[in-house]
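Colleague: pasting the sequence and the predicted model now:
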Number of protein chains: 2
Amino acid sequence: MPTTNRQVRLAARPKGLPTAEVWEHTTEELGEPGPGQFKVKVTHLSLDPAMRGWMNEGKSYIPPVGIGEVMRAGAIGEVIASEHDDFQVGDHVSYAFGVQEYAICDGDGAYTVDPDKAPLPTYLGTLGMTGMTAYFGLLDEGKPKEGETVVVSGAAGAVGSIVGQIAKLKGCRVVGIAGGAEKCAWLTDELGFDAAIDYKAESVGKALREAAPKGVDVYFDNVGGEILNTVLTQIRRRARIVICGAISQYNATEAVEGPSNYLSLLVNRASMQGMVVFDYADRYGEAAKEMAGWLGEGKLISREEVVEGGVDDFPETLLRLFRGENTGKLVLQLS
Amino acid sequence: MPTTNRQVRLAARPKGLPTAEVWEHTTEELGEPGPGQFKVKVTHLSLDPAMRGWMNEGKSYIPPVGIGEVMRAGAIGEVIASEHDDFQVGDHVSYAFGVQEYAICDGDGAYTVDPDKAPLPTYLGTLGMTGMTAYFGLLDEGKPKEGETVVVSGAAGAVGSIVGQIAKLKGCRVVGIAGGAEKCAWLTDELGFDAAIDYKAESVGKALREAAPKGVDVYFDNVGGEILNTVLTQIRRRARIVICGAISQYNATEAVEGPSNYLSLLVNRASMQGMVVFDYADRYGEAAKEMAGWLGEGKLISREEVVEGGVDDFPETLLRLFRGENTGKLVLQLS
């Protein structure tokens, strides 16, 4: 049995990109679960753009990770000791175990997942917070109607790739905005998007006029910045913009770039709505069931980019998100 | 009977403030109404911040005023000749007659108003487009609930002063943002606002923390710019921001200032919704009836700042809006 636990802690609040200096790598004695607790070996860590926000001080939708605390991370762990009735040794459990090799948990908010029904990384992606964000953000906040045009940015990312596929399932015309020809080809050739725009290679404004000739009914925004500002110029009347994230701005060292075209909301009687997936917690089951059904029928493709390494590789793996290197859900599988 | 008609036409698209050079003053022969038409002497012109937008080229919620065309303006006119069954000589009629002394009209969209029930300028203000904008913008877009905190900018203006009073009638805590001590005193002492912030004399952020200690549930924005950006930092969860206008930006010669704090929408699951009053045209009657009732019972105070002059005084009177010189609805009464 292991006796020590390797961890990655937040050592300082980053200015700009979260580079190596903001992390502290620690090794602790590993204890045993008490009554009502269980112990896991963490097998998979979820890497999410939102992590960058959790590292900032100040009021947000969730308290910031404190200086000196183990970095918060969604994860899958395998139970290796248990004093908890609901979790048995050998169970695979999803919970925010954090960036560490082992964790002791009282089970509140944790749930078991079945590796026979879907690969474990999928429970962090399409069947986890990522998929829930896409599902509720698109359907409940964006409210797409059949025949409408849905545009999604960060389209080859974990959330965006699911958003676009659900929009297709709902009968929408779907345009993805992503960085790079390979990602764009994946969107149109594999995922069935109607069009993809490579923001690194072409003018988003011009390409969008061609790809969404009737204008944009729903824009699901993961990136913010200049792309949000451009899409604002092409929205239709009563368009809905879902603000899910703003990865282009998370590491800004200057003030966030505000959408100077926001008066297009007025002209078009459109809305810009922020969303946080936690608000839908009581409906995760419903969404996971429907998404699992789509996965089983082959109507929804879940892609995870699984990086193998140790917890010490977390900081470098996280940076891949901000460099736009991942396609689909980025997962660190602890070996 | 008059034989000529003095008019103010748009001669050029303004860059920045609409100064004298953008206008052309013309005198035309005045004709007679044909069958199904009537002729009015224009008695009152409505001055609205939205006019600045109508002067810009490009797609908006209404076509721009063309170069060489009589400037569009909401107005009241008295019928002086009629070949129309619904409009008789002596009737007072509300319609977008434009900035001219006389107009011939086929009646489509025009309606008679009764000077015995309310002063004629009130039909351009509280009982006109202005009041409709306040009523539907607040109640249908902002959806305030009793006990919530409603903040309105441009609060001593035509729309803002009505928004705040309706919010009070609905049992909300109401904070107005306006420029100058006199305007602020009017809001709290005469109109019953709970607090007023003089943005010219104090820090809006600091004053708002005191005036809205629980945060902002509904923000009705008439001004945009820095004030919008500041209010965004103090919204509550599921707050609704109604984008009605952005007078601080209408004459900008650089790019409009975007709200860099827009990610507060995400954190707070809040929305920013644009509105255009024309969408509520089929419910104007309902709103006007309720507002007239409130006026009659003394529950709603309608203030018009009536400037007397000729149509040639329109350009200079319009500038008063952008200098923030008016309290309540600005009306040019043609003498």
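Modeller: That came in fine, so what should we check first? Numbers count the residues shown, from 1 in each chain, chains lettered A, B, ... in the order given.
Colleague: now the helices: where do they sit in chain A?
Modeller: With DSSP state H as the criterion, chain A has helices at A:50-54, A:129-136, A:158-169, A:181-185, A:204-211, A:225-232, A:264-267, A:284-296, A:314-322.
Colleague: TSV for the ones you listed, including mean pLDDT, mean neighbour count and distance to chain B?
Modeller: All C-beta spots, glycine's among them, are computed from the backbone N, C-alpha and C. Converted to TSV, the helices of chain A look like this (pLDDT from 0 to 100; neighbours: other C-beta atoms under 10 Å in any protein chain shown; distance: least, C-beta to the nearest C-beta, whole Å):
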stretch	mean pLDDT	mean neighbour count	distance to chain B
helix A:50-54	96	20	9
helix A:129-136	97	25	11
helix A:158-169	98	27	13
helix A:181-185	98	17	24
helix A:204-211	98	17	13
helix A:225-232	97	22	7
helix A:264-267	96	22	4
helix A:284-296	96	16	17
helix A:314-322	97	18	16
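Colleague: relative to A:Ala12, which of the ones you listed is closest?
Modeller: Comparing the helices of chain A by their distance to A:Ala12 (C-beta to C-beta), the top pick is helix A:314-322, with 12.4 Å.
Colleague: picking that back up, can I get the helices of chain A in TSV with distance to B:Ile104?
Modeller: Listed next are these as TSV, based on distance: least, C-beta to C-beta, whole Å:
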stretch	distance to B:Ile104
helix A:50-54	61
helix A:129-136	56
helix A:158-169	51
helix A:181-185	58
helix A:204-211	41
helix A:225-232	41
helix A:264-267	31
helix A:284-296	61
helix A:314-322	64
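Colleague: wait, which of these is closest to A:Lys145?
Modeller: Per C-beta to C-beta, nearest to A:Lys145 of the helices of chain A: helix A:158-169, 10.6 Å.
Colleague: surely A:Glu21 is in contact with A:Ala11?
Modeller: Yes: counting by C-beta atoms under 8 Å, A:Glu21 touches A:Ala11, with 7.4 Å between them.
Colleague: same drill for those two, tell me which one is more crowded.
Modeller: A:Ala11 (15 against 10; other C-beta atoms under 10 Å in any protein chain shown).
Colleague: A:Ile67 is in contact with that one, correct?
Modeller: Yes: at 6.9 Å, A:Ala11 counts as touching A:Ile67 under the criterion of C-beta under 8 Å.
Colleague: surely A:Leu300 meets A:Ile162?
Modeller: Yes: using C-beta under 8 Å, A:Leu300 is in contact with A:Ile162, at 7.2 Å.
Colleague: need the overlap of contacts for these two.
Modeller: A:Thr126, A:Met291 (C-beta atoms under 8 Å, 6 or more residues apart in numbering or on different chains).
Colleague: and A:Ala12, how far is that from chain B?
Modeller: To chain B, A:Ala12 is 22 Å away according to C-beta to the nearest C-beta, to the nearest Å.
Colleague: next: A:Ser260.
Modeller: 4 Å.
Colleague: now do A:Glu21
Modeller: Distance, A:Glu21 to chain B, by C-beta to the nearest C-beta: 25 Å.
Colleague: which residues are in contact with that residue?
Modeller: With contacts defined as C-beta under 8 Å, 6+ apart, A:Glu21 is in contact with A:Ala11, A:Ala12.
Colleague: give me the number of residues near A:Gln88?
Modeller: Neighbours of A:Gln88 using other C-beta under 10 Å come to 11.
Colleague: isn't it up against A:Ile80?
Modeller: No: A:Gln88 lies out of contact with A:Ile80 (C-beta under 8 Å); the separation is 10.8 Å.
Colleague: residues in contact with the residue lying closest to A:Val42 once chain neighbours are set aside?
Modeller: By the measure of C-beta to C-beta, 6 or more residues apart in numbering or on different chains, the closest residue to A:Val42 outside its immediate chain neighbours is A:Gly77, 4.6 Å from it. A:Gly77 is in contact with A:Val40, A:Lys41, A:Val42, A:Thr43, A:His92, A:Val93, A:Tyr95, A:Phe97, A:Tyr102, A:Ala103, counting by C-beta under 8 Å, 6+ apart.
Colleague: A:Gly34 too?
Modeller: Per C-beta under 8 Å, 6+ apart, neighbours of A:Gly34: A:Glu83.
Colleague: same thing with A:Leu30?
Modeller: Here A:Leu30 is in contact with A:Pro2, A:Thr3, A:Thr4, A:Asn5, A:Lys39, A:Tyr102 (C-beta under 8 Å, 6+ apart).
Colleague: now do A:Val204
Modeller: A:Ile177, A:Ile197, A:Glu226, A:Ile227, A:Thr230, A:Val231.
Colleague: do the same with A:Ser153
Modeller: Counting by C-beta under 8 Å, 6+ apart, A:Ser153 has contacts A:Gly160, A:Gly176, A:Ile177, A:Ala178, A:Tyr219, A:Phe220, A:Asp221, A:Asn222, A:Val223, A:Ile227, A:Leu228, A:Val231.
Colleague: what's the closest non-adjacent residue to the residue of chain A found nearest chain B?
Modeller: Nearest residue of chain A to chain B: A:Gly258, at 3.0 Å (C-beta to the nearest C-beta). Leaving out its chain neighbours, the residue that sits closest to A:Gly258 by C-beta to C-beta, 6+ apart is B:Gly258, at 3.0 Å.
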